[in-house]
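> show me how the following folds:
(2 chains)
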Amino acid sequence: MTLEVLQDELAFFEERRPELVKTHLGKFALVKSRALIDTFTTFPEAYAKGVELYGSEPFLVKMILPEEPKHAVPVLSLHLLNARLQ
Amino acid sequence: MRLRGPALPVEVSVTAGLAAALTARSTQLPAPQSGSGLIDTGASITAVDMEVIDRLGLPPVGTATVLTPSGSEIQGVYVIRLPFPGTPIPALDPMPVVGSQLRGFGHIVLLGRDLLVGALLIYDGAHGHWTLAF
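From the prediction side, this is the model:
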């Protein structure tokens, strides 16, 4: 299942991000289609509600932050997994 | 250990919550996927092979921005249940992970610092063993 299934949810979240940062910074937003269902203190709480409401249908859980955190997995991005000197 | 790295058996499956929802709808549960997980202290987030994610039929629940040498790329975030068969480590459920291409490297999971945040990891290269304690 590609990320396109979350197209509406992601667009909605980005539109609302500035407002949500002011009111719910650090919380987890549960978004379905173009609607904010609720906000939660923890990821497991938001995920559990999403599964309860939508089962295996796509829904978005996103931490409300001013900008996206950047993650690093250097072994993959630098193609170093199982690298050996010849 | 130098070539294989600190690896342990893992099993990737749908979360207990999703399993209950699928069962309530009389939908057959996908079979858990077994393999090896490599502890990677360089990774800020745990990654699971996309082939495994696809076999489980998991929908994405978000996105993560992952740094690359040329900038960054967007990867899908999925939620799994992650037990460690044959070890006393408690299963992680629900565990958000990024989907990545790992197949062919001998591991189906890269265990990142989001998992290690509550753990003590000792890597004893001189004696060829490692310890992970929670």
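
> next secondary structure element downstream of the helix ranked longest in chain B?
The helix spanning the most residues in chain B, taking DSSP state H as the definition, is helix B:16-24. On the C-terminal side of helix B:16-24, the nearest following helix or strand under DSSP states H and E is strand B:33-39.

> mind telling me what element the closest residue to B:V79 other than its chain neighbours is part of?
Excluding its sequence neighbours, the residue lying closest to B:V79 (C-beta to C-beta, 6 or more residues apart in numbering or on different chains) is B:P94, at 4.7 Å. Any C-beta I mention is one placed from the backbone N, CA and C, and that applies to glycine too. Under the criterion DSSP H and E, the helix or strand holding B:P94 is strand B:92-100.

> what lines up beside that strand in the sheet?
With DSSP bridges as the test, strand B:92-100 is paired with strand B:47-49 (parallel), strand B:71-82 (antiparallel).

> helix, strand, or coil at B:R55?
Secondary structure state of B:R55, per DSSP: H, G, I helix; E, B strand; the rest coil, is helix.

> how many neighbouring residues does it have?
Taking other C-beta atoms under 10 Å in any protein chain shown as the criterion, the count of residues near B:R55 is 14.

> B:D93 too?
Should you count by other C-beta under 10 Å, B:D93 turns out to have 18 residues around it.

> what sits against it?
Counting by C-beta atoms under 8 Å, 6 or more residues apart in numbering or on different chains, B:D93 touches B:15-16, B:80-82.

> buried sites along the longest helix of chain B?
Under the neighbour-count criterion of 16 or more other C-beta atoms under 10 Å in any protein chain shown, helix B:16-24 has B:17-19, B:21-22 buried.

> okay, those residues in TSV with pLDDT and distance to chain A next?
Converted to TSV, the buried residues of helix B:16-24 look like this (pLDDT from 0 to 100; distance: C-beta to the nearest C-beta, whole Å):
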residue	pLDDT	distance to chain A
B:G17	96	4
B:L18	96	5
B:A19	97	10
B:A21	93	4
B:L22	93	6
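
> isn't A:A72 right next to B:S44, touching?
Yes. Applying C-beta atoms under 8 Å as the test, A:A72 and B:S44 come out as touching, 5.0 Å apart.

> count of neighbours near A:M63?
Using other C-beta under 10 Å, the number of residues around A:M63 comes to 15.

> can you name every helix or strand that the host helix or strand of A:P18 contacts?
When elements are assigned from DSSP H and E, A:P18 belongs to helix A:7-24. Based on contacts counted as 3 or more C-beta pairs under 8 Å, 6 or more residues apart in numbering or on different chains; DSSP states H and E, the elements that helix A:7-24 packs against are strand A:28-32, strand A:35-40, strand A:60-63.
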